[in-house]
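1. Prediction below, plus the sequence it came from.
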Amino acid sequence: MRYYEQQGLLIAERSPSGQRLYRQDAVTLVRFFQQMFAAGLTSQRITELLPCWDSGHTDAEQRAMLRAERDRIQAKVDDLQAALDRLDEVIAITDTHP
């Protein structure tokens, strides 16, 4: 969690004893961060997404950014699906030979 704090993605308050206190949806947010990092987004881009997450509203620029990221991720999914299909073909061929 400290990494996400350093990146400016998650803010913790402190208890009187100094323990970090996170917002209630911190686990959900961290999972979102992990998914977005895995999809190739930078911490800066994720920071740009947080207002959309928090408010549920976007402006035209944010929507364009969201669509561009979605298109980029979909292209990666398509490439991975094509590679998976190719591997399935190779497996099917090799399964017929001892």
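-> Okay, I see it.

2. What is the helix ranked longest in the chain packed up against?
-> Counting residues, the longest helix found in the chain (DSSP state H) is helix 60-95. When contacts are defined as 3 or more CB pairs under 8 Å, 6 or more residues apart in numbering; DSSP states H and E, helix 60-95 packs onto helix 43-55. Glycine gets a C-beta too; all of them are placed from N, C-alpha and C.

3. What residues of the helix it packs on count as buried?
-> By neighbour count on 16 or more other CB atoms under 10 Å, the buried set for helix 43-55 is 43, 46, 48-49.

4. Check stretch 22-29 too.
-> Residues 22, 26, 29 are the ones in stretch 22-29 that count as buried (16+ other CB under 10 Å).

5. Can you list which of those are found in helices?
-> Cross-referencing the buried residues of stretch 22-29 against helices under DSSP H gives 26, 29.

6. Now render the buried residues of stretch 22-29 as CSV, adding pLDDT and distance to Ala68.
-> Putting the buried residues of stretch 22-29 into CSV (pLDDT from 0 to 100; distance: CB to CB, whole Å) gives the following:
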residue, pLDDT, distance to Ala68
Tyr22, 89, 30
Ala26, 90, 27
Leu29, 90, 22
